[in-house]
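Undergrad: my questions concern the predicted model and sequence given below.
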Amino acid sequence: MTYPTSNLNTDYHIPVLFQETIEHLNIIPDGIYVDATFGGGGHSRGILSKLGPKGKLIAFDQDADAKKNLPNDDRIVFIPENFRYIQRFLRLNKIDKVDGVLADLGVSSHQFDEGSRGFSIRFDGPFDMRMDQRQTRTAAQIIESYSEAALHKMFEQYGEVTNAKTLAKHIVTQRRLLKLSTVQDFKTLIAPVVKGNPNKYWAQVFQAIRMEVNEEMVVLNEFLAQLPDVIKAGGRAVIITFHSIEDRMVKNAFKVGPDEDDVTNPFLSIKKEVFWKIITKKPVVASEKEMKENNRSRSAKLRAAERV
């Protein structure tokens, strides 16, 4: 079954794996759902289309720009905060548990296309990369202050940059010679050590910095830890990732039964509590058609689990 995609703000962000997301949430008309990453509101409109008049949707987004995309609908409550605080803000809204939670961990097209945010290599703007403008730490501050070892780890783990060690050393030795306030300043700084395809290289480097600026792995870990407490038995968690580390974290969080090591350990008598029934044995990926229509869907992986 397909669900309506009319009235979506596709200029802001094209929702990835739209139909698959709505289907895996298994929406009940009178349920309460959370869109943890509202963005352009595409997935939220899909959820609202399946909810009845008594249903409710709680939408989180730390980016102030996202509020402009809110539909005129009494069933939606917008919370302008990071989803790492999901349980706190649900309780503040007198909600103990919900019927489903969606999180799309991709950066919105709007953020990439807005040069003033510093997310993209295509525009020269402030070297910023903060999703929440209330944060104080910017991309420039990280590049100017991190040690060589910290930069090396960041580029290797988050960007899988092939010459991460060389890049980190180059930045530390050269950064005092250049003022780092714009994207172009940073590109000029690292130009001598760019390896292979420049656009791919810069994309990997920028990804690593963005993930560090916004503490994306820390935030995801905190979020995943709260899901068993906020989702009712029979409720669904649907998470779309775009990075191998994120996907591994989600897969591990949803994993049922003891870890492999536990099976062979005769001294371990305490079994971990099982929170989830896996709905997607393998991650759901975009169709060839969607990949052609939306290039950003190529690396998307959707995993879904049901609270037991």
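TA: Received it, and whenever you're ready, just let me know what you need. Note that the coordinates shown come from a computational prediction; the quantities given were computed from them, not determined experimentally.
Undergrad: next, count neighbours for Lys34.
TA: Small correction: residue 34 is Val, not Lys. 30 (other C-beta atoms under 10 Å). Backbone N, C-alpha and C define where each C-beta goes, glycine included.
Undergrad: ok, now how distant is it from His170?
TA: 43 Å (C-beta to C-beta, to the nearest Å).
Undergrad: now the helices for the stretch 51-200 of the chain?
TA: If DSSP state H, counting those that start in this stretch is used as the criterion, the helices of the stretch 51-200 of the chain fall at 86-92, 109-113, 139-145, 148-159, 164-174, 183-190, 198-213.
Undergrad: how about those helices in TSV, adding distance to Glu23 and mean neighbour count?
TA: As requested, the helices of the stretch 51-200 of the chain are arranged in TSV below (distance: least, C-beta to C-beta, whole Å; neighbours: other C-beta atoms under 10 Å):
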stretch	distance to Glu23	mean neighbour count
helix 86-92	23	17
helix 109-113	23	18
helix 139-145	37	18
helix 148-159	31	19
helix 164-174	39	18
helix 183-190	39	18
helix 198-213	29	19
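Undergrad: between these, which gets the lowest average pLDDT?
TA: For those, mean pLDDT drops lowest on helix 109-113, to a mean of 49.
Undergrad: coming back round to it: redo the helices of the stretch 51-200 of the chain as JSON lines? Include distance to Ser297.
TA: Below are these laid out as JSON lines (distance: least, C-beta to C-beta, whole Å):
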{"stretch": "helix 86-92", "distance to Ser297": "25"}
{"stretch": "helix 109-113", "distance to Ser297": "11"}
{"stretch": "helix 139-145", "distance to Ser297": "26"}
{"stretch": "helix 148-159", "distance to Ser297": "21"}
{"stretch": "helix 164-174", "distance to Ser297": "27"}
{"stretch": "helix 183-190", "distance to Ser297": "25"}
{"stretch": "helix 198-213", "distance to Ser297": "16"}
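Undergrad: tell me which of those helices sits nearest to Ile239.
TA: helix 86-92 (12.5 Å; C-beta to C-beta).
Undergrad: following the helix or strand of the chain with the lowest mean pLDDT, which helix or strand shows up next?
TA: When the helices and strands of the chain are scored by mean pLDDT, DSSP states H and E, helix 260-263 comes last with a mean of 44. Where DSSP states H and E defines the elements, the next helix or strand beyond helix 260-263 is strand 276-278.
Undergrad: put the alpha carbons of the helix or strand following that next one into CSV.
TA: Using DSSP H and E, the helix or strand that follows strand 276-278 towards the C-terminus is helix 288-293. Taking Å, rounded to 0.1, in the frame of the first residue of the first chain, the C-alpha atoms of helix 288-293 are listed here in CSV:
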residue,chain,number,x,y,z
GLU,A,288,16.8,1.4,-7.6
LYS,A,289,14.0,3.9,-8.5
GLU,A,290,14.4,5.8,-5.3
MET,A,291,18.2,5.9,-5.6
LYS,A,292,17.8,7.4,-9.1
GLU,A,293,15.3,10.0,-7.9
